[in-house]
Structure formats: structure tokens, C-alpha cells
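Asker: return a 3D structure for these sequence lines:
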Amino acid sequence: MSLLKNIKTPHDIRRWSITKLQALAQEIRDTIINVVSETGGHLAANLGVVELTIALHYVFNTPKDKLIWDVGHQSYPHKLLTGRLKKFTTLRQYKGMSGFPKPEESIYDTFVAGHSSTSISLAAGSAVARDVLKKKHHIISVIGDGSMTAGMAYEALNHIGHMQKNVIVVLNDNTMSIEKNVGAMSNYLNKLITDPKYNRIKDSIDTLLDRIGKRPVAQFGVHVIRRFEEAIKNTVVPGMVFEELGFRYFGPIDGHNLQSMITMLKRIKIIRNRPILLHVITQKGHGLDFAERSPEKYHGVSAFNRENGKQKSIPDKPTYTHIFGKTLITLAKADKMVCAVTPAMLSGSGLVEFNKQFPNRCWDVGIAEQHAITFSAALAKWGLKPACAIYSSFLQRGYDQLIHDVCLQNLPVRFFIDRGGIVGPDGPTHHGVLDLSFLRIIPRLVILSPADGIELQNMIYTALQYTKGPIAVRYPRGTINTDINLERKRFSRIPIGKCEIRTKGKDILLIGFGPLVSLCDAAAVILKQYGIAATVINLRTLKPIDKDTILPLAKKIKKIVTIEDNVIAGGMGSAINELLQKNNISAIVRSLGIPDAFIEQGSIEKIRQSNNMDIPAIVNAAKMVCSQFRKK
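Answerer: Predicted structure coming up:
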């Protein structure tokens, strides 16, 4: 008999026995494996927090008590416990359930969480608001040790420790983010051990000080006791960085032991006079042998065979990410100044093999996009050629550093921006559709995007040869459409500021940027059947834009359709319009791209279709522009 089917809210489990809760944990784990094996999604992280999630909802009165998830890719057990079992099969599908917490989806989802290291800051603000409004509920932040590699988490810890607000931070320590964690804090957490003696002594000291506070005792006595406490703390638990930040530290405890988790949470729940940090040890992929053995491989997966873990949709052609990694290795062998930097995305950015071959020229800096960019700026300052590999949606987090530390100083950092454009099932937190707009306004930054894999190879080569200032190469998630030689040793420079005319026609100008150029090629073939001859332009360089080619064509043809995998506002279409306006050229321009909205999850094809960004949309836009021109 299913236990999950009887759960409408977490309140339904709060009187259950430990034995029944353990059976529930197994059912949740089985449900996640069954669904994710069909839909794809984040697997290992969710399997690791099943017992922790049950314990949190069992002890705390959610949704009155606020549970704030960090990153959110471990929120599947939370969704199952909060009445979303029936929708769970639509996970990450178009119009289906989000793979991340989403307040519009449930009152139990306190905030959107798709990027890391935000939960403690959100908890701090929530605690201040609670106290101003004179409410009494608990606020619990759940953050992974991977997210603790980001500076924002420490900014928030520092602030909460200063304010001494009643906040509970649950540190879910599985020694990983997506990759194996890096950095001193990761090493510290790995070495931290629990000692029951310390917590017993701590409790006794606190009780003694509470009693002293009610009696007229000299301050000297309190001072002596506090010094004794410090000596015990530094002897039993070396460092105790969280206590020094003002938190009462508990743990580490076994995050898969429901009884221990529930007992500890009940204990810390009644502490109201200071912030708490509970250190919980979990295993990523817990309960599924192949996910336990390779948690990084099963962090985010496509549909897979439940029995052996083999993913069903392994691409038979290389991805843009794969091409980047292979090409960078080739170029690094020929140039000792070439190096790589990434914020906790070695595999995601295609740098695993580069790191193996050049361990002294590759730096995974942890989930620290700001540091990655400024670190790269310093490398470039002293003559190295840093390839800063970063996802489009994560680049947003280092925007000030991009402006102040790189572009203002005109340092030749080479940015390789992966996941540019629509990314699919991960949805609005991960779509990389804002970058062209926010990059285009920064002085000195060159922006390139390849139409195919071969052009990507040449752009990587071009970027590493470019020394006049910062340069960005933006490419999408997914496979290439053409054959490519990954062992290629010789490359060609892409002329910066020069576009490519792919076909010539007198009736309309189709301008594409990046892989969407291939859609323009296909649309041109269809338009020919309607008697419309199109000139197709592969823009290649958005900044500087090729005015010498575009202006004469626009002046002659006067009918233009642009398409980009970016928001229309401020993107490539805007650049074309600005160019025409500046040069007093009157033309009818129809720009296709992402509307002024956050786009939901779904397949890339479905999202493009629903937002008029596919081949039929280009054809219809071209016919409409030609019709308008005739009427005019």
C-alpha cells in the first residue's frame, strides 16, 4: 500500500512512527528513481536528502515555519511531501512541474532557488521581517557544502551572527557540489568530527550562565567561565569557525538516520536566543548503487535505464561543450600560456580532460563566479591566456567583476559562455537568454557566436590569439548539426567585425546569430518556393557589428528579419535597428527572439515553437515584412 498517496500535506506524517517514516523514505526514493529515469532530472542530490527532508517536515510546522532550500536541485522529496505526487510525472516537462522550488507552484516553496548560495541571505531577511512583524515562526535554511564555497554564504553568516537572529542553518554535507568540492572550507568540513562531550559541556555551561544571570554575581566569574568554555571548544572541536561567527554549532550527525535527525531537530528547535548551524552528513545518490559510486555522473541526468544506470539519450554527435574542451586542449599543447578557469563546472564546461592533462594550468575555484572572473583578470594582466569557462546564467552573478575588473581595465580575458540561449528542462533559472543584452552595453568587449562546430573551433583559436582586450564566445547547449574533426590541429582566424553572407537574394535580408543561422538557411529555401529570394547573413560578431556589409544591403533591400536565442530587448535585433537609425536608413525590421518574460521549462524545440523562433516563424515574418513593404 502506498504511503505517499495518503499524504496531502506534511501534517499527515507528524504522528507516524520511525518505522513508518523509514518505509516512506524508501517509497520516496523509489518514486524519484522511477520518474527521473523517464523524464531526466537531478538524481543523486535528491536521493541524498530524503531522510533529511522527512525529518524537517516532521519536526517543523511547515508552511508556517519557513523552509528555504539552496540551489533547489534537491527539492524533489520536498515536493512529494507537500502534495505534488500526482504532478510529479510531469517533472521538468513543458507546462509541468518545475525541477526547482517555485512559489507559484506551492505555498511550501518559499523562494525560487535555481542558483546556489542564496538561502542564508534569504533566511536573514526573512528573520528580520518576522521579528519586525512580531511573529514567532522558525526559519530554516538548507544549504549544501558545495554552496558554501561561495562568498555570498559567508556574507550572510556574518550578518546573521552579528544580528543574533533566531535562524537555523542546516549544512547538508555530502563533500560535493556537482564536482568534487574544492577549497579550504571543504577540507575543514571534511575534517570536522563530532564529540558528544563537547555538546554536553556546552549545554552545562549555558545552563550555568543562565543561572548566574539571575543572581548578583561578579562579572569576573562570568568572564572565567567564558574563558573556560573557549578552552574546551578549541580543544575538542578545532577551529569552530561557525561558533566564532556567532552560531551555536551542532553535529556532524548522520543525515540518513531518521531517529537521530528528528531527535536533534527537536532539540535545536527550542533554542531561541541565537542562530543555530546543524551539520548533517549525507551521501549523494544514497540508495542507488551506481549513483552512489558516481554521484557527479548522476547529478543531472537524461532518461536512464533503472537497472544499470545507462542513459538512454547519449548524443551520437559531439556537443558544443565537448568541442570547446577538445579544442582548448589542442591549443594549450601549442601555447603554454593557455590556461582555464571555471566556477565549479569542470565537467559541465568540458574541462575534465583539460584538467587531467594540464593540472597546473586549470583552476576550479568553487561556486564563486565573481572570484573566477577577477582571478582571470589577474592572470591576463601578467601575460597568461585565461579561458574563463562559465554558463550564461551563472555569468550574471559576476557582472560587476566583468565590468570593473576586466573590461574597464581592458584585460584580455577570454570568456567562453556555455548554455547561451534556451537550455530546455531546467527552465527560467538556467536559460541563458539575457547575456547578449547585458554584454553588448559594456565597452571594449568583443562578442562572437558560432553558427556550427567548425566555426566554434575557429572562434576559440581567434579568441586565444586576440590580445587587444576582453572577448566572449557564446555557444548553446546541445549537439552540432554538421560533421567535425575533433582531432583538427590547424585553425583559421575569424575576422572580428566581419559577417558571412551565406546566400544572396534581392527580396529580404535574414540575419541570424549563432546556431540559429541554420534556421535562416532553411527558411530561405522555403521562401524561394513563394518567390521570395533571401540574403542570409551569419552575423558571427555582434560587437563590433559589421556595418560595412549590413548598411549597403539594408539600404538596398529595406526588408529585414533578425533571429536570436536571446531576449529581443537589447539583443542582436536591437543592435541592427540602432545601426540603421544611426545611419538614417529606413527599413522594415522584424526581430524574432525571446519576449519580455521569463520562459518556462520544456524541450528546446517546443520553447522555440511557442515563442515564434523556429523555421515557420521566420518564413511567416519574412512574408509579412514583404507584404508590408509592398503596401508601403
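
Asker: for the chain, which strand is longest?
Answerer: For the chain, the longest strand by residue count, based on DSSP state E, is strand 559-567.

Asker: how does this protein divide into domains?
Answerer: 4-195+237-289, 196-236, 320-474, 500-631 (automatic domain parsing).

Asker: and residue 456, helix, strand or coil?
Answerer: Following DSSP: H, G, I helix; E, B strand; the rest coil, residue 456 is assigned to helix.

Asker: pretty sure residue 592 sits in a strand.
Answerer: Yes - assessed with three-state DSSP, residue 592 lies in a strand.

Asker: who's in contact with it?
Answerer: Going by Cβ atoms under 8 Å, 6 or more residues apart in numbering, residue 592 touches 561-564, 568, 573, 612-613, 617-618, 621. For every residue, glycine as well, the C-beta is placed using N, CA and C.

Asker: with residue 509 instead?
Answerer: 534-535, 537, 553-554, 557, 559-561.

Asker: what's the answer for residue 280, then?
Answerer: Contacts for residue 280 (Cβ under 8 Å, 6+ apart) come out as 52, 170-173, 251-255, 261.

Asker: just the ones in strands from the residues you listed, please.
Answerer: 170-173, 251-254.

Asker: most neighbours among those residues, which one?
Answerer: Within the ones in strands among the contacts of residue 280, neighbour counts (other Cβ atoms under 10 Å) peak at residue 170, which reaches 29 neighbours.

Asker: that one and residue 443: what is the separation?
Answerer: For residue 170, the distance to residue 443 equals 44 Å [Cβ to Cβ, to the nearest Å].

Asker: excluding chain neighbours, what is closest to residue 494?
Answerer: Spatial nearest neighbour of residue 494, excluding adjacent residues (Cβ to Cβ, 6 or more residues apart in numbering): residue 462 at 4.6 Å.

Asker: hang on, isn't residue 42 packed against residue 71?
Answerer: No - using Cβ atoms under 8 Å, residue 42 is not in contact with residue 71, being 9.1 Å away.

Asker: I'd like the distance from the helix or strand encompassing residue 400 to the chain centre, please.
Answerer: Following DSSP states H and E, one finds residue 400 within helix 399-401. Mean C-alpha position of helix 399-401 versus that of the full chain (Cα atoms, centre = their mean, to the nearest Å) differs by 17 Å.

Asker: what strands flank whatever helix or strand comes next after it, and is each parallel or antiparallel?
Answerer: Counting by DSSP H and E, the element after helix 399-401 in chain order, helix or strand, is strand 414-418. With DSSP bridges as the test, strand 414-418 is paired with strand 385-391 (parallel), strand 471-474 (parallel).

Asker: list the buried residues in the helix holding residue 400.
Answerer: Buried residues in helix 399-401, counted by 16 or more other Cβ atoms under 10 Å: residue 401.

Asker: does anything pack onto that helix? Which helices or strands?
Answerer: Other elements packing on helix 399-401 under the criterion 3 or more Cβ pairs under 8 Å, 6 or more residues apart in numbering; DSSP states H and E are helix 369-381.

Asker: got the angle between the helix it packs on and strand 414-418?
Answerer: Here helix 369-381 runs at 150 degrees with respect to strand 414-418, directions being taken by axes from the mean of the first three to the mean of the last three Cα atoms, to 10 degrees.

Asker: okay, helix 369-381 in CSV with CA atoms only?
Answerer: Output in CSV follows, covering the C-alpha atoms of helix 369-381 (Å, rounded to 0.1, in the frame of the first residue of the first chain):
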residue,chain,number,x,y,z
GLU,A,369,31.7,33.3,-10.3
GLN,A,370,32.9,36.7,-9.1
HIS,A,371,36.2,35.3,-7.9
ALA,A,372,36.6,33.3,-11.2
ILE,A,373,36.3,36.5,-13.3
THR,A,374,38.6,38.7,-11.2
PHE,A,375,41.1,35.8,-10.8
SER,A,376,41.1,35.5,-14.6
ALA,A,377,41.7,39.2,-14.9
ALA,A,378,44.8,39.0,-12.8
LEU,A,379,46.1,36.0,-14.9
ALA,A,380,45.5,38.0,-18.1
LYS,A,381,47.3,41.1,-16.6
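
Asker: residues contacting the helix or strand harbouring residue 578, please?
Answerer: For residue 578, the host element (DSSP H and E) is helix 572-582. Residues from elsewhere that reach helix 572-582, judged by Cβ under 8 Å, 6+ apart: 436-437, 440, 511, 513, 539, 542-543, 545, 547, 550-551, 554, 560, 562, 564, 566, 568, 586-587, 589, 591-593.

Asker: which strand or helix spans residue 19?
Answerer: Using DSSP H and E, residue 19 maps to helix 18-39.

Asker: give the residue spans of the stretch 151-300 of the chain that score low on pLDDT.
Answerer: Under the criterion pLDDT under 70, the flagged ranges of the stretch 151-300 of the chain are 176-239.

Asker: can you give me the helices for it?
Answerer: 151-163, 184-191, 196-213, 219-236, 241-244, 258-269, 289-293 (DSSP state H, counting those that start in this stretch).

Asker: just checking: what are the partner strands of whichever helix or strand comes after the last one?
Answerer: Looking back up the chat, that one is helix 289-293. Moving toward the C-terminus from helix 289-293, the next helix or strand (DSSP H and E) is strand 300-301. Note on strand 300-301: by DSSP bridges, its sheet partners are strand 41-42 (antiparallel).

Asker: what residues does the strand it pairs with touch?
Answerer: For strand 41-42, the external contacting residues (Cβ under 8 Å, 6+ apart) are 35-36, 73-74, 76, 91-92, 99, 299-301, 425.

Asker: as a markdown table, those residues with distance to residue 309 would be great.
Answerer: A markdown table is the format used below for the contacts of strand 41-42 (distance: Cβ to Cβ, whole Å):
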| residue | distance to residue 309 |
| --- | --- |
| 35 | 15 |
| 36 | 11 |
| 73 | 18 |
| 74 | 19 |
| 76 | 18 |
| 91 | 18 |
| 92 | 19 |
| 99 | 19 |
| 299 | 13 |
| 300 | 14 |
| 301 | 8 |
| 425 | 19 |
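
Asker: for ChimeraX, write the select line for the buried members of the residues you listed.
Answerer: A single ChimeraX command is used to select the members of these judged buried by 16+ other Cβ under 10 Å:
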select :35,36,73,74,76,91,92,99,299,300,301,425
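
Asker: of the contacts of strand 41-42, closest to residue 498?
Answerer: Taking Cβ to Cβ as the measure, residue 498 lies nearest residue 425 of these, at 36.5 Å.

Asker: test my guess that the closest one contacts residue 73.
Answerer: No - in this structure, residue 425 is not within contact of residue 73 by Cβ under 8 Å, at 11.9 Å.

Asker: shared neighbours, the two?
Answerer: Common neighbours of residue 425 and residue 73, counting by Cβ under 8 Å, 6+ apart, are residue 99.

Asker: buried ones in stretch 612-627?
Answerer: 613-615, 617-619, 621-623, 625-626.
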